[in-house]
Each structure stands twice: as C-alpha cells, then as structure tokens.
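**Student:** got a structure for you, letters missing:
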C-alpha cells in the first residue's frame, strides 16, 4: 500500500497538474486548466444541452471551470478569468481562492491514507520584481491541501524538474521551468540547492509584448501560439513578433542565471559540467529546444557554468508534478 | 566738576591758581562760570577745560575685517563674501535658583510637569480621533503593558488566509487524466534514496 502513497501537485498559472501512482509501474497525471468563467443562471440550459459541467452558486449564478471555461468564453464573447496571475495568486480576483480550492479538491480526491504526503510546487521570488513575494501564495495552498486531508509540503518548482529529469546525473543540473506566469530556475549539485530564483516573465509576457508590437490582442496571440508556431521558421508578422519575444525571454533567463550565479560562485563548486533541462508549457513551441540551444551558443563563452548538454524534459507539462511525486514517495521509503 | 589742564605755564588770579605746563586742577562748576580768567585763557589756548564726566557720544562700532583673499588686481571686485552663518536656534535656559529647594527635587518637578503636559496633549489628540484609531494607539504599547486591551489576542496565523476554503460540496469538473508508464520513476526514487542516505 505504501508503494502507492504520495502525490505531486504542480500549481501553475495555466494548468494545475497532479501526479500519483496507480500501480507499481504506472503514473497517472490529471490536469485542469487554471481558468474559470462566471455566467448567469440563464446559461444553465445551454450548458446542460452541451453536457458542460458547471458549479451552481444559486443567486450568484454559475461557474464553469477549466478548459470548458475557455471554450465557453469564446461562445459568450467573454474573457476567461484566471485565479493565478504572474505565477502567484491573483490579488484582484476575489473568487480566486474558492475556485482554486474546488479545482485542487477535485484533482487530488480523497487521500489514500489519512495525512498522505502531498508535495506542492511553489515558485521562487522573482529577481526582477522585488515587490512580489511567495509567502501568501504558499500559505494559501498549504491550507487548501491540508483541508483536503493531506500533509502539505511546499517545494520549489524548478528543483522538481531536476528531481524528475536528472537522476542519471545524481540530481545535478540547471532546471528551467518556462511557465505562463513566470520562469523558474534552479541550480543543484547532488540534490543540493545552489541557486533558486524566478523572473517575472513568461508566456503571458510574450503574448502581451507581441500583441502590443503588432496591434493585436493578447488572447488572439495566445491562440495563435497554442495553434502551433515554429520558432525557427516564423510565418507572418505576428509569428515574427512572437519569436522576438521568445528570444528576449530566453536571453533574459540566461543572463539572469549568469548574474545570480556570480553571487554564489565563490562558495558553490561545480565539480563537473551539468545539463540544462528545459520544461514548462511554453517550451512546447515548435523547435524550442533548438531555438534555446542556438541562443545559448551565442552566450556560452561568457556563461560562468560549464554545460554538458541542453535537453528538454520528457513530458514538459507534467515534469514538475512528477518531480514532486518523487519527493513525496521518499516520505514512505524505509531505510 | 571741571578739570583745567595747563598747556603752558600760567596764573589764574581770580581763582588764586599758579600752574606749570602740564598741571591739572579741579574746579567747581560755579568757579568755572564765575572766572573771567579761565574763560580768557581757554579762548587764547593757554589752558584746556573739560568736564569731569565721561563723554556720552557713542563710539562707532568697529568695522569687521574683510576675510576675502587679497585682491591682486585693485579695482576689480573680489569673490562674494560667504553667506552669514545661520543664527543659532533659540535655547531655553532653565536656571535653578536656590531658594531652599534642593536641585534634585527641582529637576524632578520639571520632569513631572513635562510628563503631565505630554499626557494632556496625547489625551486631547486621542479625543479627536475616531474610535478604531484609538484602539490601535492603545495597543501599540509594549507587550509587557498591563493596560487592558480592547482587542482580542492576535491569532497564531495571519488572518487573511481564510479557513474552510475546501467544502464538502461535490462538483463535477472536466479533468483531463492520462496514465503512463512510470518510466524511470523507480530508478530515480532509488537513486534519491541512496543519495540522501549517503549525505546523512
């Protein structure tokens, strides 16, 4: 029984993912889109006919959650609401906590045993926006997970990538999670954290920048991006604008890593070259790995860390949840 | 009184005075006014008469010396003089006069009076504030204060994270689930276990 205990919960701006084991060699990942839409009671009939699940809040109307919220937003000509913004709980979204609690409860389900360990992801504080911290964010999710009946343990998002993807290097590497709200980075040697930080730029920043550049809307650019874009062969001015912002983001992450590493270089030794593992939703863009490698090669000479290889996570959307699951499993390992 | 100074050797017969050069004699105002010889000798410059009182004409104040550098080129203006130093702030000097009260007691009286004045000012200010702000001020004192507090004890955790976010209500959400092989998960778990064991 203890073989199957432990959960990994990745709380992202775009998706919330839970990883758990369903058998000795089976891992199940469940995902829900981190979005919702409030509608009036009049929409009930249509939703029933379309077989779209919704939450009835009585006089306060109804709420559609997840991927359905995005679909319904297009039908009703509305913009879907997001409980997270820029990687952290959205301060201006009054329904955020209620929706997040519903999503997480449905994803986690009942614990297999009372107080089952659930490791949940927390971003690092962004280095380029000192006004934001993760204390409140971490506190809220600790309470939600605890109220679901689990023993909640917070863990860094980028470190989870190293746990999930760098076992053959004995958990040494530079993990980068290219998320929608922010990018998280972690450097570790033998599982020991050397550097963890984030930048307050991500997929939303790319969409907003490209939209402004070409006079379009952020949602249109986002749809275009998710439809598929080849970063090495952009077509049209919108895609070219997107590529420029992708490049700017990658360069910013590399530069920030060099800058942050310079501060710890005298007390954190790297005995041998380490891999860079890239993950996250926006790393699923066409040829992102090659695009990252090409950008990195231009900066390799001045990069203070010796890099053995650059590779993409096997499952970029679920890598963080899997890494967290691995940590949760350790709680049940018997010496 | 007047003083007669002889500038040369002379006699003043109506006052019966014989004076050598440089001699000085004191006479009364009455003698000075009645003596014709004194008036005549003073007019021709043989004697000098002056009042014994100090002059009442005030002296002109000394002109301050210019502290600027010397001018190498006379006729040209030098650099502007430095601005005058700001006047020192007015100070209140408390002078303790010994009238039978010890200095220590006087000092204590001053301190008590100052404390009473500040309390009265604080009460006047608090009286003008809304009730909620008053509570904050009353609770802003040190933790060891024994003054009764109108606010309850602070909670152990911040109050802004609400409790009961997760309800028993069943909601049907569209959750996308996929199952996959736990590729390498067992090996990774074993490696992590070994690593942690080695680090202990």
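**Tutor:** In hand now; what should we look at? Since the model is a prediction, treat every value here as computed from it, not as a measurement. Numbering: from 1, shown residues only, chains lettered A, B, ... in the order given.
**Student:** So, low pLDDT: which residues of chain A?
**Tutor:** Flagging of chain A using pLDDT under 70 yields the residue ranges A:1-3, A:335.
**Student:** can you list the domain ranges for it.
**Tutor:** Using automatic domain parsing, the domains assigned to chain A come out as A:35-80, A:161-312.
**Student:** Quick one: check the last one for contact with chain B.
**Tutor:** Yes - shown here: domain A:161-312 in contact with chain B (CB under 8 Å from any CB of the partner chain) through A:163-164, A:167, A:170-171, A:190-191. To be clear about C-beta, it is placed using only N, CA and C from the backbone, and glycine gets the same treatment.
**Student:** okay, how far is it across that domain, tip to tip?
**Tutor:** Start-to-end span of domain A:161-312 (CA to CA, to the nearest Å) is 10 Å.
**Student:** tell me the most buried of the domains of chain A?
**Tutor:** Most buried of the domains of chain A, by mean neighbour count (mean count of other CB atoms under 10 Å in any protein chain shown): domain A:161-312, with a mean of 19.
**Student:** The lowest-mean-pLDDT helix or strand in chain B: what's the following helix or strand?
**Tutor:** Sorting the helices and strands of chain B by mean pLDDT, DSSP states H and E puts helix B:131-138 at the bottom, at a mean of 37. Going down the chain from helix B:131-138, the next helix or strand is strand B:176-181, by DSSP states H and E.
**Student:** That following strand pairs with which strands?
**Tutor:** strand A:26-33 (antiparallel) (DSSP bridges).
**Student:** Beyond the partner strand, next helix or strand please.
**Tutor:** Downstream of strand A:26-33 (by DSSP H and E), the next one is strand A:36-39.
**Student:** Any residues of chain B in contact with chain A? List them.
**Tutor:** Taking CB under 8 Å from any CB, the part of chain B that reaches chain A is made up of B:157-158, B:160-167, B:171-189, B:191-193, B:195-197, B:199.
**Student:** Which of the residues you listed are buried, as a ChimeraX select command?
**Tutor:** Buried residues within the residues of chain B next to chain A, by 16 or more other CB atoms under 10 Å in any protein chain shown, are selected in ChimeraX with:
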select /B:165,166,173,174,175,182,184,185,188,189,191,192
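**Student:** I figured residue A:65 hits residue A:55, correct?
**Tutor:** Yes - counting by CB atoms under 8 Å, residue A:65 touches residue A:55, with 6.7 Å between them.
**Student:** Give me the common contacts of the two.
**Tutor:** A:102, B:171 (CB atoms under 8 Å, 6 or more residues apart in numbering or on different chains).
**Student:** Could you chop chain B up by domain?
**Tutor:** Taking automatic domain parsing as the reference, chain B has its domains at B:2-51, B:103-134.
**Student:** how long is the longest one end to end?
**Tutor:** Its start and end residues considered, domain B:2-51 measures 5 Å (CA to CA).
**Student:** re the thing from before, now the residues of domain A:161-312 next to chain B in CSV, with distance to residue A:275 and secondary structure?
**Tutor:** As requested, the residues of domain A:161-312 next to chain B are exported to CSV (distance: CB to CB, whole Å; DSSP: H, G, I helix; E, B strand; the rest coil):
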residue, distance to residue A:275, secondary structure
A:163, 14, helix
A:164, 13, helix
A:167, 12, coil
A:170, 12, coil
A:171, 11, coil
A:190, 14, coil
A:191, 14, coil
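**Student:** Could you report the distance from residue A:203 to residue A:191?
**Tutor:** Distance, residue A:203 to residue A:191, by CB to CB, to the nearest Å: 29 Å.
**Student:** who's in contact with residue A:117?
**Tutor:** A:5-7, A:150-151, A:153, A:328, A:331-332.
**Student:** for residue A:80, same thing?
**Tutor:** Taking CB under 8 Å, 6+ apart, one finds A:35-37, A:69-70, A:73 in contact with residue A:80.
**Student:** Which strands or helices does the longest helix along chain A pack on?
**Tutor:** Longest helix in chain A by number of residues, with DSSP state H as the criterion: helix A:236-264. Where contact means 3 or more CB pairs under 8 Å, 6 or more residues apart in numbering or on different chains; DSSP states H and E, helix A:236-264 is packed against strand A:173-178, strand A:183-189, strand A:192-199, helix A:203-214, helix A:218-227, helix A:288-297.
**Student:** Which among those is found nearest to residue A:233?
**Tutor:** The closest of the helices and strands packed on helix A:236-264 to residue A:233 is helix A:288-297. By CB to CB, the value is 10.6 Å.
**Student:** quick one: contacts of that closest one?
**Tutor:** Here helix A:288-297 has contacts from A:231-232, A:246-247, A:250-251, A:254, A:276, A:278, A:282-283, A:285, A:303, A:307, A:310-312, using CB under 8 Å, 6+ apart.
**Student:** What about the residues you listed, which are in strands?
**Tutor:** Among these, DSSP state E puts A:276, A:278, A:307, A:310-312 in strands.
**Student:** From those, pick the one nearest chain B.
**Tutor:** Nearest to chain B among the ones in strands among the contacts of helix A:288-297 is residue A:311, at 13.8 Å by CB to the nearest CB.
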